[in-house]
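**Student:** Fold the following and give me the result.
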Amino acid sequence: MGFFGKMMSAIGFQSAEEKPKKKDKNSAKKASYDLRKQEKQEKIDNIDGIRVFYPEEIAEVKEIFEYFKKGEPVVINFEYADEIESAKIKAYFYGVADASNVKFLSIDREKMYILLPEGVDVEN
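**Tutor:** Numbers count the residues shown, from 1 in each chain. This is a model prediction of the structure:
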């Protein structure tokens with residue numbers, strides 16, 4: 001502490017060494033949640049007894065198709081998939097529909113589709 005510092009201390013001001021240290025910004029506690037993230041809505045397991053799948057990538061197609069092979073209709077919700085992956089999945093199921101006698105229909109503006117086995121129709 002220099003001469004000026006001693007004079008300031010004598011007058012009643014604290015010196016730089018005596019001042020309480022400020023908290024480091026990086027050491028601040030962080031919240032366990034991020035307010036910037038939008039919370040996803042709760043996923044519905046079935047609609048009127050029809051199983052709903054929420055694929056996010058093409059690798060999940062196998063699980064959906066295995067369930068569909070049992071003769072059950074399937075609702076596919078693309079709400080959580082990005083555009084590229086949803087386009088791949090849609091192309092796959094359009095191919096399934098073209099190769100066999102099943103229907104792949106849009107039921108909600110490109111976000112929800114239904115895959116219907118042979119002989120099953122949907123009421124309008």
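**Student:** can you give me the helices for the protein?
**Tutor:** 3-11, 61-68, 83-99 (DSSP state H).
**Student:** So which residues make contact with stretch 78-93?
**Tutor:** Contact with stretch 78-93 is made by 40, 54-58, 60-61, 76, 104, 110-113, 115, as judged by Cβ atoms under 8 Å, 6 or more residues apart in numbering. Bear in mind the C-beta positions are built from the backbone N, C-alpha and C, glycine included.
**Student:** Please check these and keep the buried ones.
**Tutor:** Those of the contacts of stretch 78-93 that meet the buried threshold are 54, 55, 58, 60, 61, 76, 104, 112, 113, 115, by 16 or more other Cβ atoms under 10 Å.
**Student:** list the contacts for the third one?
**Tutor:** For residue 58, the residues meeting the contact criterion (Cβ under 8 Å, 6+ apart) are 85, 88, 89, 92.
**Student:** Save those as TSV, and put in neighbour count and distance to residue 48 too.
**Tutor:** Output for these, formatted as TSV (neighbours: other Cβ atoms under 10 Å; distance: Cβ to Cβ, whole Å):
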residue	neighbour count	distance to residue 48
85	17	27
88	14	28
89	23	22
92	16	25
